[in-house]
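Undergrad: I would like to see how this sequence folds:
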Amino acid sequence: MSQSVFRLHIALRNGTTVQEFTLEGFPAIQHLGKVLFLVHLLAYLASITGNAVIVTITCADSRLQTPMYFFLSTFSFFECCFISAVIPKLLVIFLLGQQTISFLACFIQAFVFVYLGAAGFLLIAVMSVDRYMAICKPLHYPTIMNLKTCFLLVTACCVLAFLLITGPLVMVSQLSFCGPHVIPHFFCDLDPLIHLSCSNTRSVEMLAFVIALLILLTSLIITIIAYSNIVVTIVRLPSAKERQKAFSTCSSHLIVLSLMYGSCVFIYVKPKQRNRLNSNREAALVNTVVTPLLNPVIYTLRNKQVQQALKETMCRLKISR
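TA: Residues are numbered from 1 along each chain as shown. Have a look, this model is predicted:
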């Protein structure tokens, strides 16, 4: 990773003489900075706490060391890193009005954000397949989804995401930026950076569009197929209580997935976005603030097994004191 950052730094120095960018943030409501700071700080802390609890309790309780919770804890870890790449700088903008960001820091932020976002969507597809195998193929599930398979799938998501997003990022880093250097966003993302360049950006725009389409559509298609088969299996369950419980869980998952896919499709799957960057900011808030806050509640904390594990852990902590 350090070598990749070093190569990116060299590419940045060769591609432009710009020293820093200015993140525009939300100028229309910047006068509410302290209120917005408090709201986003609480949301950030709640997201970090919820996702960290999932990771911790999964590692601590042997009953939760199953493929489903392994994927969920990995996803929660990704979410913690994902929002930590964006929200702290947004908090600084709201509280102190410090909107500048160095050129290298801007591209590192863009890399971390896009990389973790891509890996997260690939992991969602893997999680959907895992649920499909558990519900629709229960006899084969224990032999197929073992710890080695789970680790290989997560590794594949990380490697594939890195390979897919490195090309567009390096191409963007080699563009020339003649000014203005104000990014109409609250964090550094590839699309606003592309639109600030005075170089010919057609090829990098098209590459970024194709890769975004590939990641989102592949993940979405796999998820839809998996959940469609799950729904068919649930409908055939003999007990009405079991059907209601399963549908309740699936509907909660689908709400979060709809928010994630909807916001990302709106932001990234558009070949020409120059006139819609302002609306992208609002959609990005859903992706960086709302869904990371909902994920711990929807995916795990509503689960009775996790609730029981949390209660027992809290009881052990009280006794040890």
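Undergrad: can you pull the contacts of Ala119?
TA: Shown in contact with Ala119 (CB atoms under 8 Å, 6 or more residues apart in numbering): 78, 157-158, 161-162. Every residue, glycine included, has its C-beta placed from N, CA and C.
Undergrad: buried set for stretch 222-235?
TA: 222-223, 226-227, 229-230, 234 (16 or more other CB atoms under 10 Å).
Undergrad: now stretch 135-145
TA: By neighbour count on 16+ other CB under 10 Å, the buried set for stretch 135-145 is 135, 141, 145.
Undergrad: Is Thr100 in contact with Gln19, as I believe?
TA: No. Using CB atoms under 8 Å as the test, Thr100 is too far from Gln19 to be in contact (9.4 Å).
Undergrad: Kindly indicate which of the contacts of Ala119 lies nearest Glu282.
TA: Nearest to Glu282 among the contacts of Ala119 is Phe78, at 23.1 Å by CB to CB.
Undergrad: what are the phi and psi values for that closest one?
TA: With angles defined as degrees, to the nearest 10, Phe78 sits at phi -60, psi -40.
Undergrad: Go ahead and build a PyMOL selection from the buried members of the contacts of Ala119.
TA: This is how PyMOL selects the buried members of the contacts of Ala119, with burial counted by 16+ other CB under 10 Å:
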select buried, resi 78+157+158+161
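Undergrad: is it possible to export the contacts of Ala119 to CSV including distance to Phe266 and secondary structure?
TA: Below are those laid out as CSV (distance: CB to CB, whole Å; DSSP: H, G, I helix; E, B strand; the rest coil):
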residue, distance to Phe266, secondary structure
Phe78, 21, helix
Cys157, 23, helix
Cys158, 26, helix
Ala161, 21, helix
Phe162, 25, helix
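Undergrad: okay if I get the contacts of Ala119 as a markdown table plus pLDDT and distance to Asp61?
TA: Shown next, in a markdown table, are those (pLDDT from 0 to 100; distance: CB to CB, whole Å):
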| residue | pLDDT | distance to Asp61 |
| --- | --- | --- |
| Phe78 | 93 | 21 |
| Cys157 | 95 | 24 |
| Cys158 | 96 | 25 |
| Ala161 | 95 | 29 |
| Phe162 | 95 | 31 |
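Undergrad: Could you point out which residue ranges in the protein have low pLDDT?
TA: Scanning the chain for pLDDT under 70 picks out 1-18, 242, 245-252, 268-279, 299-303, 317-321.
Undergrad: Among the contacts of Ala119, find me the one that's closest to Thr291.
TA: Proximity of the contacts of Ala119 to Thr291, judged by CB to CB, is greatest for Phe78, which lies at 12.1 Å.
Undergrad: Test my guess that the closest one contacts Ala118.
TA: No. With contact defined as CB under 8 Å, Phe78 does not count as touching Ala118 (10.3 Å).
Undergrad: Confirm that Phe21 sits in a strand.
TA: Yes. The assignment for Phe21 is a strand, going by DSSP: H, G, I helix; E, B strand; the rest coil.
Undergrad: ok, which stretches of the protein are helices?
TA: Assigned helices in the chain, in chain order: 2-15, 33-60, 67-84, 87-96, 103-136, 141-144, 147-173, 190-196, 202-235, 240-268, 277-285, 291-295, 304-320 (criterion: DSSP state H).
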